[in-house]
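In: Structure here, sequence nowhere to be found:
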């Protein structure tokens, strides 16, 4: 039996047409729910409690007539209280809700201290991991290569990664190949191109020849978006400018020291450059591609398959936290939760500007964009296909690529959809969609045509 092919599957639980009210799978389950008067189920916990109680009731009173007589004589509430004396209903319900016992409760999850990691980070102080039965230590890590190596070496059970990294690891680009998965996107949008204040008169990319730029990692949306942006302005990213990988926490210091002219990087460092008076925000990444993915929750295929219940609980924690972070009314609370030194180590006002979208741009303007950063866990497989086209465009992968097969192997949309339902979210009904990058339509069914359309490329 696979992780999700089981009798506790939420889609199967919703098939409740066997009773008089239409909300239960059988009249027996209806009887066990009399205490709720067949009202709409208020929570996942009550749903599980009802199913477990019904199963116990059927075991104690296998004959329908005897069961109904007992319920009628003492009432459903008293019946449940009596059953609780005879059988550990709460324990059974907890196990039932998890779809099986968690194989490993104590986990280590690495993260880079950036706002993209908000759901992974906030899930610790705000109790989302413990809610799903886990004790997770979130570990601040210096850079993406370190994150990759520590997860490959199993020092971390799972990690905050850039969304292209699981694809690169799976294909062996930049490391030995290992099957990797990305079951959840952490954030969409949330990046920017920031330039040094001395370049306020060079806000047009045509003036950028000879500039030195930083990106967080070679296999990052930042690298691909920066290359895409300058190439669309006629600048060859390998000939006309320099692009180097710099850990995000070091970007502002490098800008201040005049080691770089700018960076396409994650927040909080775009806003921190403005706060420190050393840079200005040239353009938000959402203005290049509205709704683009950036960071993700990732784990090895081995972790997913050998500890399916732990994996499911961890993913549900992340999805739950992501849904909380999506709501604008929660953003200030989140800023306070992730500001301390053991997480982002940033002034709350910097994080509030990013998370609420009301911010100073470093050019004397206060801008308002509530979608500057957003949080949506669904791993669209068309995102993976686009990333693979850019990896091939710039020579990071060679030869023929089965874009669709790799996307399906790494971006686990089906798993995410099922667990989104379990935490009360409505997942998309498809795993792929078209979108525009700088006004240019991307059709995931025609990746090779898309790749051929670029004037500046390495293939």
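Out: That came through fine. Model, not experiment: these values are computed from the prediction. Numbering: from 1, shown residues only.

In: Please give me every residue in contact with residue 148.
Out: Taking CB atoms under 8 Å, 6 or more residues apart in numbering, we find residue 148 in contact with 161, 165, 169, 175. In short, each C-beta sits where N, CA and C put it, glycine included.

In: From residue 220, how far off is it?
Out: Separation of residue 148 from residue 220 (CB to CB, to the nearest Å) stands at 12 Å.

In: Show me the common contact partners of those two, please.
Out: Listed as contacting both residue 148 and residue 220 by CB under 8 Å, 6+ apart are residue 165.

In: and stretch 415-423, how far out from the chain's middle?
Out: 13 Å (CA atoms, centre = their mean, to the nearest Å).

In: Stretch 275-284 now?
Out: Worked out by CA atoms, centre = their mean, stretch 275-284 lies 26 Å from the chain centre.

In: List the buried residues in it.
Out: 275, 276, 278, 279, 280, 281, 282, 283, 284 (16 or more other CB atoms under 10 Å).

In: do the same with stretch 104-124
Out: Buried residues in stretch 104-124, counted by 16+ other CB under 10 Å: 104, 107-124.

In: ends of that stretch, how far apart?
Out: One end of stretch 104-124 to the other measures 17 Å (CA to CA, to the nearest Å).

In: avg pLDDT for it?
Out: The average pLDDT within stretch 104-124 is 96.

In: next one: stretch 365-377
Out: Mean pLDDT, stretch 365-377: 96.

In: That one: which residues count as buried?
Out: For stretch 365-377, a neighbour-count test (16+ other CB under 10 Å) marks 372, 373, 374, 375, 376, 377 as buried.

In: Sitting in helices, which of the buried residues of stretch 104-124 do you find?
Out: Of these, the ones assigned to helices by DSSP state H are 118, 119, 120, 121, 122.

In: Can you tell me how far residue 388 is from residue 168?
Out: For residue 388, the distance to residue 168 - CB to CB - is 10 Å.

In: Tell me where the stretch 51-200 of the chain has strands.
Out: 106-111, 135-140, 158-162, 180-185, 188-189, 191-196 (DSSP state E, counting those that start in this stretch).

In: how about a markdown table for those, with distance to residue 324 added?
Out: Written out in a markdown table, the entries for these read as follows (distance: least, CB to CB, whole Å):
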| stretch | distance to residue 324 |
| --- | --- |
| strand 106-111 | 17 |
| strand 135-140 | 16 |
| strand 158-162 | 17 |
| strand 180-185 | 14 |
| strand 188-189 | 16 |
| strand 191-196 | 22 |
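
In: Mind checking those for the one nearest to residue 214?
Out: Nearest of those to residue 214, taken as CB to CB: strand 191-196 at 9.6 Å.

In: could you point out which element follows that closest one?
Out: strand 212-215 (DSSP states H and E).

In: what residues does the very next helix or strand once past that following strand touch?
Out: Where DSSP H and E defines the elements, the next helix or strand beyond strand 212-215 is helix 221-232. Helix 221-232 is touched from outside by 162-164, 191, 193, 205, 208, 213, 215-217, 236-237, 240-241, 243, 264-266, 283, 285, 288-289, 292-294, 387, 390-391, 393-394, 437-438, 454-456, with contacts defined as CB under 8 Å, 6+ apart.

In: So among those, which ones count as buried?
Out: Buried subset of these (neighbour count, 16+ other CB under 10 Å): 162-164, 191, 193, 205, 208, 213, 215-217, 237, 240-241, 243, 264-266, 283, 285, 288-289, 292-294, 387, 390-391, 393-394, 437, 456.

In: next one: stretch 346-361 to chain centre, how far?
Out: Computed by CA atoms, centre = their mean, the chain-centroid distance of stretch 346-361 equals 21 Å.

In: what's in contact with that stretch?
Out: 115, 118, 190, 267-268, 271-272, 274-275, 280-281, 328, 331-332, 334-336, 338-339, 344, 366-373.

In: now do 6 Å
Out: Residues outside stretch 346-361 that contact it (CB atoms under 6 Å, 6 or more residues apart in numbering): 115, 267-268, 271-272, 274-275, 281, 331-332, 335-336, 339, 366-370, 372.

In: Just the ones in strands from the residues you listed, please.
Out: 281, 366, 367, 368 (DSSP state E).

In: okay if I get these as CSV plus distance to residue 320?
Out: Output for the ones in strands among the contacts of stretch 346-361, formatted as CSV (distance: CB to CB, whole Å):
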residue, distance to residue 320
281, 31
366, 33
367, 31
368, 28
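
In: shaky segments in the stretch 151-300 of the chain?
Out: Counting by pLDDT under 70, not a single residue of the stretch 151-300 of the chain qualifies.

In: on that earlier part again, which one among the ones in helices among the buried residues of stretch 104-124 gets closest to residue 157?
Out: Lowest distance from residue 157 to those (CB to CB) belongs to residue 120, with 12.3 Å.

In: Is that closest one in contact with residue 160, as I believe?
Out: Yes. Counting by CB atoms under 6 Å, residue 120 does reach residue 160; the two are 4.9 Å apart.

In: any shared contact partners between these two?
Out: Counting by CB under 6 Å, 6+ apart, the residues touching both residue 120 and residue 160 are residue 111.

In: domain ranges for this structure?
Out: Split into domains by automatic domain parsing, the chain comes to 10-98, 106-189+293-452, 191-287.

In: Start and end of the last one, how far apart?
Out: Taking CA to CA, domain 191-287 runs 10 Å from one end to the other.

In: Over to stretch 330-348?
Out: 14 Å.

In: Same check on stretch 106-121?
Out: End-to-end distance of stretch 106-121: 16 Å, with CA to CA as the criterion.

In: One more: stretch 286-295?
Out: With CA to CA as the measure, the ends of stretch 286-295 fall 14 Å from one another.

In: Next: stretch 235-248.
Out: 24 Å.

In: so how far is it from its chain's centroid?
Out: Here stretch 235-248 is found 27 Å from its chain centre; the criterion is CA atoms, centre = their mean.

In: what pLDDT does the most far-flung residue of the chain relative to its centre get?
Out: The C-alpha centroid of the chain is most remote from residue 73, which lies 50.5 Å away (CA atoms, centre = their mean). With respect to pLDDT, residue 73 scores 73.

In: what does the longest helix seen in the chain rub up against?
Out: Longest helix in the chain, counting residues (DSSP H): helix 308-326. Applying CB under 6 Å, 6+ apart, the contact partners of helix 308-326 are 3, 98, 100, 102-104, 118-119, 122-123, 128-129, 132-134, 183-184, 297, 304, 330, 334, 375, 377, 419-420, 423, 425.

In: Tell me which of the residues you listed fall in helices.
Out: The members of the contacts of helix 308-326 that map onto helices under DSSP H are 98, 118, 119, 122, 128, 129, 304, 334, 419, 420.

In: Counting neighbours, which of the residues you listed comes out on top?
Out: Neighbour count (other CB atoms under 10 Å) singles out residue 118 as the most crowded of the ones in helices among the contacts of helix 308-326, with 32 neighbours.

In: so what's that residue up against?
Out: With CB under 6 Å, 6+ apart, residue 118 has these contacts: residue 325.
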